[in-house]
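J.: Provided below for reference: sequence and predicted model.
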Amino acid sequence: MSKIDKSVMEFLGSLAANNSKEWFDGNRSWYADARRSFEVFVQELIDGTVEFEPVLKGLEAKSCIYRINRDIRFSNDKTPYKTNFGALIMKGGRKNFTRHPGYYIHVEPGKSFISGGAYMPPPDMLAAIRMRISEQPEELLEIINSSGFRKYFSKIEGSRLKKAPKGFDPAHKHIELLKFKDYYVDIHVPDSRITEPGYMHYVLDVFREIKPFHDFIDSSCD
């Protein structure tokens, strides 16, 4: 079973300290090796996730991993490269995030995390999720209060409205759940765990506990 090599973390740490095209051009072979190591890990992660998420069968890591180049056109931060490797594992790959929830893995020195759910869903998807929660809140509550979910997550994360969303009763018993604009969960991971041989098993276990949450979101949008 593959693991994330220490050289991946070393590369990302060095990139953070030397975020320039000149440095990157001089270390392209190091980047290529680090990227390849991460891609192998992600592919094995996908193949393991297929066991409980068969819709991912045939998905390739390269369609899930984000480019390292940053889009600086509308950003005050003009550093040219991201200082992380990230992959969004979902049906159709990372570009299909507007239709389905996804599993996400983020590797970055001091900032690594595992996540899942619907981040910045489009208006129609968000409305469908809210409607399902409004009509069947007990189903979601059972999921997020289960021992498996609570093993890793304490609550749903995401930005929220200050008031009830349009079309929903402000007096709804679970109005706080309906105010979310994102519906996701995440768990931060220390650097020491990232390169351990058992990290693959750990990520798969986290993904497995996210699965019922994903099923609720997906069924909301059918």
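T.: Yep, it's here.

J.: how about the helices of the protein, start to end?
T.: 6-17, 21-26, 28-49, 123-135, 137-144, 147-150, 175-178, 191-194, 199-220 (DSSP state H).

J.: residue 112: which of these is closest?
T.: Closest approach to residue 112 among these (CB to CB): helix 191-194, 5.5 Å. No exception for glycine: its C-beta is placed from N, CA and C like everyone else's.

J.: state the mean pLDDT of the closest one.
T.: Per-residue pLDDT over helix 191-194 has a mean of 93.

J.: how about the nearest residue to residue 67 once chain neighbours are set aside, what does it touch?
T.: Spatial nearest neighbour of residue 67, excluding adjacent residues (CB to CB, 6 or more residues apart in numbering): residue 82 at 8.0 Å. Contact analysis of residue 82 by CB atoms under 8 Å, 6 or more residues apart in numbering lists 66-70.

J.: that older thread, which one of the helices of the chain lies nearest to residue 57?
T.: helix 28-49 (8.8 Å).

J.: any idea of the mean pLDDT for the closest one?
T.: 96.

J.: next up, the contacts around the nearest residue to residue 57 once chain neighbours are set aside.
T.: Leaving aside its chain neighbours, residue 57 sits nearest to residue 50 (5.0 Å; criterion: CB to CB, 6+ apart). Residue 50 sits next to 56-57, 59 when contact means CB under 8 Å, 6+ apart.

J.: of the residues you listed, buried ones?
T.: Buried members of the contacts of residue 50, scored by 16 or more other CB atoms under 10 Å, are 56, 59.

J.: let's see which of the contacts of residue 50 end up in strands.
T.: Among these, DSSP state E puts none in strands.

J.: buried ones from the contacts of residue 82, can you make that a ChimeraX selection?
T.: The ChimeraX command for the buried members of the contacts of residue 82 (criterion: 16+ other CB under 10 Å) is given here:
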select :68
